[in-house]
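Enquirer: how does the following fold in three dimensions:
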Amino acid sequence: MRRFKVPVQTAADGTATVFSPRVAGKLQSIQYVKDGATAFADGVDFAITAEATGENVWTESNVNASAVRYPRAPVHTEAGAPALYAAGGTPILDRIGLVDRLKIVIAQGGANKTGAFHILVD
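Expert: Numbers count the residues shown, from 1 in each chain. Alright, predicted model coming up:
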């Protein structure tokens, strides 16, 4: 596995947009780390997407503490129909494949605040 640490600092209006290095592989997890006196304000919003395609990886609002997520995407049949565990059942999910940079957009993070995202790729 490979870990990519992406530090983020907000502008005076509490927003930021940063990009990870190019990641290639299956996304295992993303960890948001809130640490110290200059950490993002409680209630920070963020959206993480694949840069080239805009595929949603992790979007969450009103985050107050460090968090770890294991993003998964629904899979489909060759015909484009959702793959389900049973007819009419729960969608089958799989790790998200990436050969791209991740775009991290922060809102309501507080003026000149910092945070970090750790991206684990297999």
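Enquirer: now do the helices in this protein.
Expert: In the chain, no segments count as helices under DSSP state H.
Enquirer: what ranges do the strands span in it?
Expert: Counting by DSSP state E, the chain has these strands, from start to end: 2-9, 16-19, 23-33, 44-50, 56-63, 67-69, 72-74, 93-95, 97-100, 102-107, 114-121.
Enquirer: mind putting those strands into CSV with mean pLDDT?
Expert: Supplementary listing: the strands of the chain in CSV, determined by pLDDT from 0 to 100:
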stretch, mean pLDDT
strand 2-9, 97
strand 16-19, 98
strand 23-33, 97
strand 44-50, 97
strand 56-63, 97
strand 67-69, 98
strand 72-74, 94
strand 93-95, 96
strand 97-100, 95
strand 102-107, 98
strand 114-121, 98
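Enquirer: quick one: closest of those strands to residue 84.
Expert: With CB to CB as the criterion, residue 84 lies closest to strand 72-74 of those, at 9.2 Å. Quick note: C-beta positions are derived from backbone N, CA and C, even for glycine.
Enquirer: CSV for the strands of the chain, including distance to residue 86 and mean neighbour count?
Expert: Supplementary listing: those in CSV, determined by distance: least, CB to CB, whole Å; neighbours: other CB atoms under 10 Å:
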stretch, distance to residue 86, mean neighbour count
strand 2-9, 36, 14
strand 16-19, 40, 14
strand 23-33, 25, 18
strand 44-50, 30, 20
strand 56-63, 26, 15
strand 67-69, 26, 13
strand 72-74, 15, 14
strand 93-95, 15, 13
strand 97-100, 25, 16
strand 102-107, 33, 20
strand 114-121, 31, 20
